[in-house]
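*Asks:* Show me how the following folds:
(2 chains)
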Amino acid sequence: MARARKSVDMPESTNGQVTFESALAELDQVVTALEAGALPLSEATRLYERGMKLARICNEMLVAAELRITQIQTAYGEQMRLPPQETEA
Amino acid sequence: MAVYSVAQVTSYLRDLLAMDSVLRDVWVRGEVGNLSRPGSGHCYFNLRDSGTMMRCAMFKRAGPQGSTAALLKEGAAVIVHGKVTMYEARGEVQIVVDIVQPEGVGELQLKLEQLKLKLQTEGLFEESRKRPFPQFPRRIGVITSPSGAVWHDIQTVIGRRYPLVELVLAPSPVQGDGCCPGVVDAFERLNEIDDIDLVILARGGGSLEDLWGFNEEEVARAIFSSRAPVISAIGHETDYTIADLVADRRAPTPSAAAEMAVPNRIELAQRVVAYRNAMTEYMTERVQSGRDEIDAMVPRMERFLPDFDALRIQIDDRLRLAAKTLHRDVAMKMDRVYNTKLRLESLSPKDTLRRGYAIVQKEPGSEVVSDASQVAAGDSVRVTVAAGGFGATVAAISQEG
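*Replies:* Now for the predicted structure:
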């Protein structure tokens, strides 16, 4: 799923556009390619290094992510007060 | 005076009934009798009260209204909804029933059932319309009251399971008069954001009156026209509101809706670990199989190497031969040198001198005098004999010799 919008809350584990979904999908492809076999050793090594890097990126995202909360304006929203700790960060 | 055929009369009656606004959309109370359910799945019965009776037919249909046919039982007191029509083949007036409700339900419930039927007919509850959810949503719209436990529960569950998302709260009252317009407006606001992956519409339990907003037609249409798929979690597990029927998925509680909305990061982390292990295992095998290939190749390559031992012997042989040849050659050459020396010595004038000959030179080192004409009387000459030499003066020249 190629979304142009950048996900902001993914820390330095990304080089800009990597999302958890895309990293996991690529990791999945790497593992499938390795398991299919018949790769020259140099290609297998390259894929292995790439896969390990993706695994690290995925883990970092899973560990480091913090839920972000935003609130939008709605016609009937004003009458409703948010408790202070839950207001928009 | 006009005379009509039976068909003309029955079809006239049929049209008359169909045009009547009361008979087209009518609730009728009565007792079920003479119920039959043939294999077609349709139901036929009589609806009676004291002394009067009408034929009824209820055709098989899917969805929540179809299931109300189960209320039809011999002798049961019911309220049916439908239209009064003419069955021309028998010349009978009958009710074609689409909703059955037990006798005694309130007007609110009857309205609700009627709205359900209407929306069902329009296809708002269609299974084929239910949209799949993204596996890894990034922005989730939440329509609920920010002050209740529901909003708190949703944040807690998603924060624990998969905090890689942004929750976009579109606050709305979830009961009272503000509920219906509030929810409709919240959907409209969320539709304006183009990357909302999913919407959770949630509210805690309540009475039918509390939840009434979620049975409003406007709310149903707002859910239906949401750009993102909708999970509803409204009321108790057992009460389905119309909102629940229209939503792409229905969760029994708001927490359950939050769980449905996102994957579990612990499972994802386990998946990543499994991938990592698979890759390492594969590479270990790959390297080992590479080694095995090399090991298998060594003996094959060795067969193509030259026989070093045989070559060594050949080289030794040749070296020995060369040395032998060289020695013989040197010896021969030394012999030749010795013989040449002997011959040279035999050619030296010294032996001749020893036999009494002398060498005459005009001066020491100059040419040898071998012709008397080379000198004149009075010339000084040098005479060399076998042992030493002396100077002399030419006395006279004698031409004969």
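*Asks:* Just the pLDDT at the residue lying closest to residue B:84 once chain neighbours are set aside, thanks.
*Replies:* Spatial nearest neighbour of residue B:84, chain neighbours left out: residue B:23 (4.0 Å); criterion: CB to CB, 6 or more residues apart in numbering or on different chains. Any C-beta I mention is one placed from the backbone N, CA and C, and that applies to glycine too. What the model reports as pLDDT for residue B:23 is 92.
*Asks:* Give the buried residues for stretch A:45-52.
*Replies:* A:47, A:48, A:50, A:51, A:52 (16 or more other CB atoms under 10 Å in any protein chain shown).
*Asks:* leaving aside the residues next to it on the chain, what's closest to the first one?
*Replies:* It stands for residue A:47. Closest to residue A:47 by CB to CB, 6+ apart is residue A:30, at 5.2 Å.
*Asks:* from memory the one you found sits against residue A:54, does it?
*Replies:* Yes. The pair residue A:30 and residue A:54 qualifies as a contact (CB atoms under 8 Å) at a distance of 6.7 Å.
*Asks:* about what we covered before: among the buried residues of stretch A:45-52, which lie within strands?
*Replies:* Of the buried residues of stretch A:45-52, none are assigned to strands by DSSP state E.
*Asks:* Tell me which of the residues you listed fall in helices.
*Replies:* When these are checked against helices (DSSP state H), the matches are A:47, A:48, A:50, A:51, A:52.
*Asks:* can I get those residues in a markdown table with pLDDT?
*Replies:* Formatted as a markdown table, these follow (pLDDT from 0 to 100):
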| residue | pLDDT |
| --- | --- |
| A:47 | 92 |
| A:48 | 92 |
| A:50 | 94 |
| A:51 | 93 |
| A:52 | 93 |
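*Asks:* Just name the closest of the residues you listed to residue B:381, please.
*Replies:* residue A:48 (109.9 Å; CB to CB).
*Asks:* ok, now how distant is that closest one from residue B:361?
*Replies:* Counting by CB to CB, to the nearest Å, the gap from residue A:48 to residue B:361 is 103 Å.
*Asks:* Where do the strands of chain B begin and end?
*Replies:* For chain B, applying DSSP E gives strands covering B:26-36, B:43-49, B:52-58, B:77-87, B:92-102, B:139-144, B:166-171, B:198-203, B:230-234, B:249-250, B:359-361, B:380-384, B:389-393.
*Asks:* Flag every residue of the stretch 51-200 of chain B that's near chain A.
*Replies:* Counting by CB under 8 Å from any CB of the partner chain, the positions of the stretch 51-200 of chain B adjacent to chain A are B:134-136, B:138, B:145-147, B:151-152, B:155, B:158-159, B:163-173, B:178, B:181-182, B:185-186, B:189-190, B:193, B:195.
*Asks:* So which of those residues belong to helices?
*Replies:* Using DSSP H, the members of these that fall in helices are B:151, B:152, B:155, B:158, B:159, B:181, B:182, B:185, B:186, B:189, B:190.
*Asks:* And the strands in chain A, which stretches?
*Replies:* Counting by DSSP E, the strands of chain A are A:68-71.
*Asks:* coming back round to it: generate a PyMOL selection restricted to the buried subset of the residues of the stretch 51-200 of chain B next to chain A.
*Replies:* Entered in PyMOL, the line below selects the buried ones among these, by 16+ other CB under 10 Å:
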select buried, chain B and resi 134+136+138+145+146+147+151+155+158+159+163+164+165+166+167+168+169+170+171+172+173+178+181+182+185+186+189+190
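*Asks:* Okay, the residue nearest in space to the middle of chain B and chain A: tell me how far apart.
*Replies:* Taking CA atoms, centre = their mean as the criterion, residue B:275 is the residue nearest the geometric centre of chain B, at 12.5 Å. Relative to chain A, residue B:275 is positioned 5 Å away (criterion: CB to the nearest CB, to the nearest Å).
*Asks:* cool, residue B:394 as well?
*Replies:* 107 Å.
*Asks:* can I assume that residue is in contact with residue B:383?
*Replies:* No. Between residue B:394 and residue B:383 there is no contact under CB under 8 Å: 10.9 Å.
*Asks:* can you list the weak-confidence ranges in the stretch 201-350 of chain B?
*Replies:* B:236-239 (pLDDT under 70).
*Asks:* Show the residue spans covered by the helices in it.
*Replies:* Assigned by DSSP state H, counting those that start in this stretch, the stretch 201-350 of chain B shows helices spanning B:217-224, B:242-246, B:254-261, B:265-302, B:308-347, B:350-354.
*Asks:* Any chance of a markdown table for those helices, columns distance to residue A:71?
*Replies:* A markdown table is the format used below for the helices of the stretch 201-350 of chain B (distance: least, CB to CB, whole Å):
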| stretch | distance to residue A:71 |
| --- | --- |
| helix B:217-224 | 19 |
| helix B:242-246 | 22 |
| helix B:254-261 | 17 |
| helix B:265-302 | 24 |
| helix B:308-347 | 86 |
| helix B:350-354 | 137 |
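*Asks:* give me the beta-bridge partners of the residue lying closest to residue B:26 once chain neighbours are set aside?
*Replies:* Distance criterion CB to CB, 6+ apart; nearest residue to residue B:26, sequence neighbours excluded, is residue B:84 at 6.4 Å. Beta-bridge pairing of residue B:84 under DSSP bridges involves residue B:95.
*Asks:* For residue B:84, the count of nearby residues, please.
*Replies:* Neighbourhood size, residue B:84 [other CB atoms under 10 Å in any protein chain shown]: 19.
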